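A.B. asks: Return atomic coordinates for the entry below.
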Amino acid sequence: MPDDDDGLGGTGIDSEDVRTASRKMAISILEVPEIMKAQGVPRIALLPVKNSTRFIINKDILTQKIRIELNKNAAGKVRFLARDRMDDILKERQGKREGLTTSTKEADLLGVDFFLTGELTGISKGADGRRSDYVLMSFQLIDSETSDIIWEDSYEFKKVGTAGVVYQ
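C.D. replies: Residues are numbered from 1 along each chain as shown. The predicted structure is shown next:
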């Protein structure tokens with residue numbers, strides 16, 4: 001199981017934090033009036049998460065997990081655009097237009113309505129072989145036309161333990 005204790009100790013970000021934060025963020029985003037009452041389906045593109053903590057973490061796992069939770073539970077209320085795959089998309093699109101491949105529809109690339117991004121920040125201290133870490137995972141949904149932050153939420157935790165070799 002992803003949340004089983006791995007026995008490594010330390011005070012870092014673990015799978016339970018990622019799963020809990022992503023579920024909380026996905027539920028929270030669906031309650032935003034601009035999403036709930038949208039005419040049509042809002043399109044969201046993911047921007048990189050900034051990591052300002054002392055921990056080495058694959059930052060994309062957070063936005064990826066939020067995207068997965070929203071796609072599973074949003075019942076078509078939002079759509080994500082694969083901007084990170086743009087080169088492949090444009091290549092395939094060109095192939096269709098040149099008749100190399102076929103498609104049942106021809107559509108323009110859709111624009112982004114909102115950007116989803118976030119930041120990890122933390123405070124760490126240690127003494128006598130023990131460590132205390134406070135981590136804040138904050139996320140924002142930004143209107144692509146106005147740059148308004150229309151939604152913001154966070155998940156925070158504090159862990160105290162023995163400083164693990166993994167984090168040194």
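
A.B. asks: From here on, just use CA atoms for contacts and neighbour counts.
C.D. replies: Noted.

A.B. asks: Can I get the lengthiest helix in the chain as CSV, trimmed to CA atoms?
C.D. replies: Scanning the chain for the helix with the most residues, using DSSP state H, yields helix 15-30. Once side chains and other backbone atoms are set aside, the C-alpha atoms of helix 15-30 remain, and they are given as CSV (Å, rounded to 0.1, in the frame of the first residue of the first chain):
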residue,chain,number,x,y,z
SER,A,15,2.7,9.4,0.0
GLU,A,16,0.0,10.0,2.5
ASP,A,17,0.7,13.8,2.4
VAL,A,18,0.5,13.8,-1.4
ARG,A,19,-2.7,11.8,-1.5
THR,A,20,-4.4,13.8,1.2
ALA,A,21,-3.4,17.1,-0.2
SER,A,22,-4.5,16.2,-3.8
ARG,A,23,-7.9,15.0,-2.6
LYS,A,24,-8.5,18.1,-0.6
MET,A,25,-7.5,20.4,-3.5
ALA,A,26,-9.6,18.6,-6.0
ILE,A,27,-12.7,18.9,-3.8
SER,A,28,-12.0,22.5,-3.1
ILE,A,29,-11.5,23.5,-6.8
LEU,A,30,-14.9,22.0,-7.7
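
A.B. asks: Would you map the helices across the protein?
C.D. replies: Chain-ordered helices for the chain, with DSSP H as the definition, fall at 15-30, 33-36, 60-73, 86-97.

A.B. asks: before we move on, the earlier item: from the chain's centroid, how far away is the longest helix of the chain?
C.D. replies: Remark: helix 15-30 is offset 9 Å from the chain centroid, using C-alpha atoms, centre = their mean, to the nearest Å.

A.B. asks: now the angle between helix 60-73 and that helix, please.
C.D. replies: Compare the direction of helix 15-30 with that of helix 60-73 by axes from the mean of the first three to the mean of the last three C-alpha atoms, to 10 degrees and you get 50 degrees.

A.B. asks: what does helix 15-30 rub up against?
C.D. replies: Identification of contacts with helix 15-30 by C-alpha atoms under 8 Å, 6 or more residues apart in numbering yields 2-3, 35-36, 61-63, 65-67, 69-70, 74, 77, 137, 139, 151, 153-155.

A.B. asks: Just the buried residues from these, in ChimeraX please.
C.D. replies: Here is the ChimeraX command that picks out the buried ones among those, judged by 16 or more other C-alpha atoms under 10 Å:
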select :35,62,63,65,66,67,69,70,74,77,137,139,151,154,155
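
A.B. asks: distance from the centroid: which residue in the chain tops it?
C.D. replies: For the chain, the largest distance from the centre (C-alpha atoms, centre = their mean) belongs to Gly99, which lies 36.6 Å off.
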